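J.: Sequence and computational prediction follow.
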Amino acid sequence: LAPILLADNNEYWDIPQISGGTAQINLNWDNNKVIFPRYPLTEIRVVNYAATLWTDRGGSATGDIYNTGSITSGTVNSFGFFTFGSLDWFVAQRLLSFTAQRKQGFTSLEWVAGNENGTKSYEVERSENEKDFYGIGSIQALQNLTQNKYHFDDYKALSGTAWYRIKSIYPNGQVAFSTVKAVTENATSESSFYVLNNPVHQNIYIAATGIYTGEYDYSIHNAAGQLVQKGTINSTAGGINTIPLETVITKGVYILNVKNKLYRMTQRLIVQ
């Protein structure tokens, strides 16, 4: 038998030997009552605690790890504690990359996902204020363990700045969100360096065009002149840099300074 890598620590059953020499153990789960581990369905086994180790007792699981299912062991002659085990790790679905790029009259969104086993679909969401997101399209997940690339074009008119994110939806109704990306129409001047969103919510988005490329140091001071956050950004022409606000920055007025040896920008920010 293959080695057991994982054992369910949410529940187990103490099954004593009443009569006879052997038996088969049937276990079932209901994720709505007790959270079931995110084990790959094909790797689930009945396991028995024997000699200080969880031991594989066989079986082939049926059902859905997000809802209900069951498994029956092979013939056993050792009794005691039983639970669910897995022969392999479950690697959660993850977005490996997500980009949003403004083109001629539309926004092009692309993302790459890895290990989609258990992912139902993706919903593309948009916001005009970085807070209130709404769905603009949905794509079914390919649901395999390889890397998959997805594409969505948003042709809705853009007034100023729009923010986008990808919502991953799972069969049990749970969701997960990607990072947020901002896009804006190209500035009319050949070279510009400016903050896209003001007031600010959670992130500062800085756009750079033309000559404003390279590494910049930034600092954020509160209304009393105290330094509350600092760091660096790497600006590329036509790109948008994201500065996530740290938790110490609460609602109020702040001053953002961004500079390198050649250029400097100072911007008054309102954090909401």
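T.: Noted; the coordinates are in hand.
J.: Please count neighbours and contacts with C-alpha atoms only from this point.
T.: Noted.
J.: any low-confidence regions in the stretch 101-250 of the chain?
T.: 117-118, 145, 172, 185-192, 210, 237-238 (pLDDT under 70).
J.: rerun that using 80 as the cut-off
T.: 103-105, 115-118, 143-146, 158-160, 170-174, 184-193, 208-212, 236-239 (pLDDT under 80).
J.: residue ranges for the helices of it, please.
T.: Secondary structure of the stretch 101-250 of the chain (DSSP state H, counting those that start in this stretch): no helices located.
J.: What segments of it are strands?
T.: Applying DSSP state E, counting those that start in this stretch to the stretch 101-250 of the chain gives strands spanning 107-114, 121-127, 133-140, 147-154, 161-169, 175-177, 181-184, 192-195, 203-209, 214-222, 227-235, 240-244.
J.: Could you dump those strands into CSV with mean neighbour count added?
T.: Formatted as CSV, the strands of the stretch 101-250 of the chain follow (neighbours: other C-alpha atoms under 10 Å):
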stretch, mean neighbour count
strand 107-114, 18
strand 121-127, 20
strand 133-140, 14
strand 147-154, 15
strand 161-169, 21
strand 175-177, 15
strand 181-184, 22
strand 192-195, 18
strand 203-209, 20
strand 214-222, 17
strand 227-235, 15
strand 240-244, 18
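J.: Could you dump those into a markdown table and include distance to residue 100?
T.: Below are the strands of the stretch 101-250 of the chain laid out as a markdown table (distance: least, C-alpha to C-alpha, whole Å):
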| stretch | distance to residue 100 |
| --- | --- |
| strand 107-114 | 5 |
| strand 121-127 | 11 |
| strand 133-140 | 14 |
| strand 147-154 | 9 |
| strand 161-169 | 7 |
| strand 175-177 | 15 |
| strand 181-184 | 6 |
| strand 192-195 | 17 |
| strand 203-209 | 13 |
| strand 214-222 | 21 |
| strand 227-235 | 16 |
| strand 240-244 | 10 |
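J.: closest one to residue 95 among these?
T.: strand 107-114 (4.3 Å; C-alpha to C-alpha).
J.: then the closest one to CSV, C-alphas only?
T.: Extracted C-alpha coordinates of strand 107-114, given in CSV (Å, rounded to 0.1, in the frame of the first residue of the first chain):
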residue,chain,number,x,y,z
THR,A,107,-9.8,46.7,-21.8
SER,A,108,-8.0,43.4,-22.4
LEU,A,109,-7.9,41.1,-19.3
GLU,A,110,-5.8,38.0,-19.1
TRP,A,111,-5.1,35.5,-16.3
VAL,A,112,-3.3,32.2,-15.8
ALA,A,113,-4.6,29.7,-13.3
GLY,A,114,-2.9,26.6,-12.0
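J.: Direction included, what does it pair against?
T.: Here strand 107-114 has these sheet partners by DSSP bridges: strand 94-102 (antiparallel), strand 147-154 (antiparallel).
J.: which residues sit against the first one?
T.: Strand 94-102 is touched from outside by 107-116, 164, 178-179, 181-185, with contacts defined as C-alpha atoms under 8 Å, 6 or more residues apart in numbering.
J.: tell me the angle of that strand relative to strand 240-244?
T.: 130 degrees (axes from the mean of the first three to the mean of the last three C-alpha atoms, to 10 degrees).
J.: can you give me the angle strand 94-102 makes with strand 161-169?
T.: Using the same axes, to 10 degrees: strand 94-102 against strand 161-169 is 150 degrees.
J.: How far off centre is strand 94-102?
T.: For strand 94-102, the separation from the chain centroid amounts to 12 Å (computed by C-alpha atoms, centre = their mean, to the nearest Å).
J.: how about it as CSV, C-alpha atoms only?
T.: Taking Å, rounded to 0.1, in the frame of the first residue of the first chain, the C-alpha atoms of strand 94-102 are listed here in CSV:
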residue,chain,number,x,y,z
ARG,A,94,-4.3,29.7,-7.6
LEU,A,95,-4.1,32.5,-10.1
LEU,A,96,-0.5,32.6,-11.3
SER,A,97,-0.9,35.9,-13.0
PHE,A,98,-3.5,38.6,-13.8
THR,A,99,-3.1,41.5,-16.2
ALA,A,100,-5.3,44.3,-17.3
GLN,A,101,-4.3,46.5,-20.3
ARG,A,102,-6.2,49.4,-21.9
